[in-house]
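> can't give you the sequence, but here's the structure:
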Ligand SMILES: Cc1cc2nc3c(=O)[nH]c(=O)nc-3n(C[C@H](O)[C@H](O)[C@H](O)COP(=O)(O)OP(=O)(O)OC[C@H]3O[C@@H](n4cnc5c(N)ncnc54)[C@H](O)[C@@H]3O)c2cc1C
Ligand SMILES: Nc1ncnc2c1ncn2[C@@H]1O[C@H](COP(=O)(O)O)[C@@H](O)[C@H]1O
């Protein structure tokens, strides 16, 4: 069985990253199952946890390589519909008053409680997905592979060095715990299934609530979902010149109904908030078009934009890596060029 | 509040990457070394928090002898001392092994009279990106753990009455901290009882630059040394692979603002603006 932890947003919709992780699980189900069952035991597997499964799912799909979902919190009709179109056979719905506030330990234990004895447990490579799978792996006495991009009968392939290299590895354990890298595949819909839904009477250990979330402050500026889901992203780097130099690039992002993404130099100088940073230690994006203005194309920045379908560079330096890696480029001062592009867009709209 | 920050020496990759002859790692010859920017932020947070509560910052690394450079870099910006667990082949350890060794060192230091109220790590190392050493270390120590944290404040309003227990060394450090990070729907605020492990995410603080006196101090920084044990369960790595060379060839649309219409044509073609 392949269990996928699925994240939903505030309105109960399945997150795009989770849809990717589900598609990854479904399209690689056979080989994941084969890997999980053919691996030798760890010589020193660490402590096994005592599980407190309330009701084991009796009517579970029974198929070894079926994709099942663990979902914490409210399960909306919309989510059930989305999951059925993503080929899910079973939904394990984990709801409990103590799980209303996020606590990684308690949530991970709840997912582990319904996980198979052997098989695969995965999540998307989001901060939450990483955190929960790491907790779950420690609790299960297993290893965890972060940011997996592919799998074949030799093992898993995952991103290392910020995506500049891949590590091939095998997890030797009963339970294969992994996260799927963002954009490792695109969500694919199938003929809708009718997922079976299981509800549980969970027992939450007091000790697992030690780090429960106290409160959330909703601030629009910290939200990266606009950036990671935009079809068009305008990138801005040191070449912008100063904190007050973002007028043209912001206007262009606006014309494209897109978002602004920046380099670490820009956030490091305090010109723009970190939530706008793209790259190894910022967001990873995969828009239809990325227009990099005044960005040199350092490997840590490229790690975040490799998924862009079309890459356009605007730079004074023809030799810049960003220009060399782009599909299209304009050589020149970004303020002049982007200003002219904005005027042209406005002119054509009439 | 006495704080330990775990840092990792990693190659500072700039251009193209090549692999070593065995294909087990990237070829580090000719590359400089650094640490992850998450860890730089962890050091900055530690310095600020220790200063506010009257404590010291210690940095710890498991790495080759040269990793002392990263410990000294931390002392140059304000850490007080360093601990090096030396291994000729640190790549032989997986995240489980690393966490176990770091945990053993924390316990041994406590026996030697050096205990820590708070242990910080980065959310992920810049090379292996395993996203788990901090969490494994917390379980090994039996401490609570938070990840993706960007700022810390001692005491903190959240989570009920402030605990009145002092720190291990009897100082006036708070036994509770407030930690903030960015969650899926906004800034998340957690209250955390110490001792604890916190994995830090870049973005909440700006790491400072070393001062001249800091650089001088770094040269004489007290470094405690340990020898790493033999790798146990080892590393599940089979080999590294490089992605296939991207074969994009760039079309230069022109020079300066005159090229703007050509760019707008491309944008229309892609369909991101209506024609
Ligand atoms: C562990 C680690 C993690 C990192 N993570 C990230 C990350 O997540 N994201 C990230 O972005 N970086 C990251 N970096 C930093 C990265 O290595 C680079 O330093 C950074 O991306 C450079 O930003 P930049 O391109 O804006 O600046 P620069 O490299 O200084 O490039 C500026 C560019 O602007 C051009 N230019 C100048 N003036 C103009 C003008 N008027 N018009 C047009 N072009 C102009 C120049 O020709 C140049 O190409 C990381 C580094 C490390 C070590
Ligand atoms: N060899 C090491 N020595 C000290 N700290 C480490 C080491 N490896 C990892 N860490 C810490 O654990 C964090 C997460 O690493 P990882 O789980 O490998 O991505 C890093 O940011 C470091 O703070």
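Thanks, I have the structure now. Remember, it's a predicted structure, so these values are computed and weren't measured experimentally. Ligands and ions are numbered 1, 2, ... in the order given.
> contacts, neighbours, all on C-alpha from now
Fine.
> what's the domain layout of chain A?
Chain A breaks down into these domains under automatic domain parsing: A:2-209, A:223-349.
> Including mean pLDDT, could those go into a markdown table?
Shown next, in a markdown table, are those (pLDDT from 0 to 100):
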| stretch | mean pLDDT |
| --- | --- |
| domain A:2-209 | 87 |
| domain A:223-349 | 94 |
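> Nearest to ligand 1, out of those?
domain A:223-349 (3.2 Å; Cα to the nearest ligand atom).
> picking up where we left off before, for the domains of chain A, please prepare TSV with the additional fields mean neighbour count and distance to chain B.
Output for the domains of chain A, formatted as TSV (neighbours: other Cα atoms under 10 Å in any protein chain shown; distance: least, Cα to the nearest Cα, whole Å):
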stretch	mean neighbour count	distance to chain B
domain A:2-209	20	4
domain A:223-349	21	4
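> does the host helix or strand of residue A:249 come close to ligand 1?
Following DSSP states H and E, one finds residue A:249 within helix A:247-255. No. Judged by Cα under 6 Å from any ligand atom, helix A:247-255 stays clear of ligand 1, getting no closer than 11.4 Å.
> Hmm, residue B:240 is touching residue A:166, no?
Yes. Using Cα atoms under 8 Å, residue B:240 is in contact with residue A:166, at 5.6 Å.
> Grab the nearest non-local neighbour of residue 109.
Looking at chain A here, since you left the chain open. residue A:136 (6.5 Å; Cα to Cα, 6 or more residues apart in numbering or on different chains).
> not what I meant, chain B
Per Cα to Cα, 6+ apart, closest to residue B:109 is residue B:115, 6.3 Å.
> After the helix holding residue A:249, which helix or strand is next?
Downstream of helix A:247-255, the first helix or strand assigned by DSSP H and E is strand A:259-262.
> since we're on the nearest residue to residue B:24 once chain neighbours are set aside, how many residues are nearby?
Nearest residue to residue B:24 in three dimensions, chain neighbours excluded: residue B:239, at 4.6 Å (Cα to Cα, 6+ apart). Number of residues near residue B:239 (other Cα atoms under 10 Å in any protein chain shown) recorded here: 15.
> So residue B:239 lies in a helix, does it not?
No. Going by DSSP: H, G, I helix; E, B strand; the rest coil, the assignment for residue B:239 is strand, not a helix.
> contact partners of the strand ranked longest in chain B?
The longest strand of chain B (DSSP state E) is strand B:145-154. Here strand B:145-154 makes contact (Cα atoms under 8 Å, 6 or more residues apart in numbering or on different chains) with A:127, A:131, A:211, B:45, B:49, B:52-53, B:123, B:134-135, B:138, B:174, B:176-182, B:196-205.
> List only buried entries from the residues you listed.
The neighbour-count test (16 or more other Cα atoms under 10 Å in any protein chain shown) marks A:127, A:131, A:211, B:45, B:49, B:53, B:123, B:134-135, B:138, B:174, B:176-182, B:196-205 as buried among those.
> surely the residue nearest to residue A:109 meets residue A:110?
No. If you go by Cα under 8 Å, residue A:136 and residue A:110 don't touch, sitting 9.2 Å apart.
> Tell me where the chain has helices.
Going with chain A. A:16-27, A:29-38, A:77-85, A:104-114, A:127-140, A:225-229, A:247-255, A:264-268, A:299-305, A:321-325, A:334-349 (DSSP state H).
> nope, chain B please
Using DSSP H, the helices of chain B run over B:37-53, B:68-76, B:95-111, B:133-141, B:212-219, B:260-270.
> Dump those helices to TSV, plus distance to ligand 2 and mean pLDDT.
Output for the helices of chain B, formatted as TSV (distance: least, Cα to the nearest ligand atom, whole Å; pLDDT from 0 to 100):
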stretch	distance to ligand 2	mean pLDDT
helix B:37-53	6	97
helix B:68-76	10	98
helix B:95-111	6	97
helix B:133-141	4	98
helix B:212-219	19	94
helix B:260-270	37	96
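> So which of the ones you listed is nearest residue A:35?
helix B:95-111 (21.0 Å; Cα to Cα).
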